[in-house]
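Student: Dropping the sequence and predicted coords here.
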Amino acid sequence: MSLVAENLVKNFGALAATQNVNLRVEGSGVHALIGPNGAGKTTLVNLLSGALTPSSGRVLLDGQDVSRVDMPGRVARGLSRTYQITSIYPDWTVERNIALSVQGRSGSSFRFWQPVAHERNLYRQAADIAEEVGLTSRLHQPASALSHGERKQLDVALALASQPRFLLMDEPMAGLGHEESGQMVQLIRRIAATRSVLLIEHDMDAVFSLARDVSVLVYGQIIASGTPDAIKNDPEVQKAYLGDDHAA
Ligand SMILES: Nc1ncnc2c1ncn2[C@@H]1O[C@H](COP(=O)(O)OP(=O)(O)OP(=O)(O)O)[C@@H](O)[C@H]1O
């Protein structure tokens, strides 16, 4: 189970948003990607997920070159992502939002000869995913009735609908209060027990409590990769990004 960026480059005109990035995300657990605003974190996730094509370099999924494979193709190979801006249908119930995502991402077309059994199966899977993200009690509520934190949980549920082995999470704590952030940390920990998670996050307490490995991106380049302790104590990282707050 490995997701690898190899000499990855992305240019937007004259701007090199991703500069020769080498990154290896492997095994279950959380690999955090941190860096200042505009460092190129979202661009890198877009390259890994297939939303963007690299200017040069490769993305390897379990050793296979997927650089030219589109997003649905990568989802089918076990790579999914959450977004900074969610794509939830507010008038639909939580259950329906998840069920449609299961159907949409399973790649299997509608089985017209057993529609009822198929639908039952979709809703059973939706209920299982809702349970995993802690939304069972909200299953039959419209998504518009959810709190901001619950909506983030639903966003994670939609990403889990394709049964990914790799999950790219783009700022899942953004806009969450203290308690909601704590719940999201627990949820990510549960997810990462059996999956490989690449987490982009500005909340350093969350990053350092969750991550097994941390990579630091500055001006499109990875300036350091290592354990949370090694990163906290790296003078270059402190200078470029962390300041003294997280120095041990
Ligand atoms: N489609 C695009 N066209 C042109 N420039 C872009 C495009 N997408 C991103 N950029 C630029 O690339 C750089 C990296 O942006 P990116 O959104 O990847 O950074 P980020 O680290 O995710 O930032 P943040 O933490 O604020 O979300 C920025 O200078 C941004 O303006």
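Tutor: Nice, I can see it. Model, not experiment: these values are computed from the prediction. Residues are numbered from 1 along each chain as shown.
Student: Can you name the residues bridging to the nearest residue to Ala211 once chain neighbours are set aside?
Tutor: Once flanking residues are discounted, Ala211 sits nearest to Ala32: 3.9 Å by C-beta to C-beta, 6 or more residues apart in numbering. Where you see a C-beta, it was placed from the backbone N, CA and C, and this is true even at glycine. For Ala32, the beta-bridge partners under DSSP bridges are Leu199, Val214.
Student: burial of Ala32, as a residue count?
Tutor: Using other C-beta atoms under 10 Å, Ala32 has 23 neighbouring residues.
Student: Against Ser2, how distant is Asp205?
Tutor: Asp205 sits 28 Å away from Ser2 when distances are taken as C-beta to C-beta, to the nearest Å.
Student: doesn't Met1 make contact with Arg63?
Tutor: In this structure residue 63 is Gly, not Arg. No. Gly63 is not in contact with Met1 according to C-beta atoms under 8 Å; the separation is 10.5 Å.
Student: Could you give the number of residues near Thr43?
Tutor: Look at Thr43: counted by other C-beta under 10 Å, it has 22 neighbours.
Student: typo on my end, it should be Thr227
Tutor: 12.
Student: leaving aside the residues next to it on the chain, what's closest to it?
Tutor: Asp213 (6.6 Å).
Student: Tell me the confidence at the one you found?
Tutor: Here, the pLDDT recorded for Asp213 equals 97.
Student: which residues touch it?
Tutor: By C-beta atoms under 8 Å, 6 or more residues apart in numbering, the contact set of Asp213 is Gly29, Val30, His31, Ala32, Ser225, Gly226, Thr227.
Student: give the contact list for the last one.
Tutor: If I follow you right, that is Thr227. Arg212, Asp213, Val214.
Student: Equivalent analysis for the third one, please.
Tutor: In this structure, His31 makes contact with Val25, Ser196, Val197, Leu198, Leu199, Ala211, Arg212, Asp213, Val214, Ser215, judged by C-beta under 8 Å, 6+ apart.
Student: if I look at it, how far off is Leu48?
Tutor: Distance of His31 to Leu48, given as C-beta to C-beta: 11 Å.
Student: Give me the common contacts of the two.
Tutor: Shared contacts of His31 and Leu48, defined by C-beta under 8 Å, 6+ apart, comprise Leu198.
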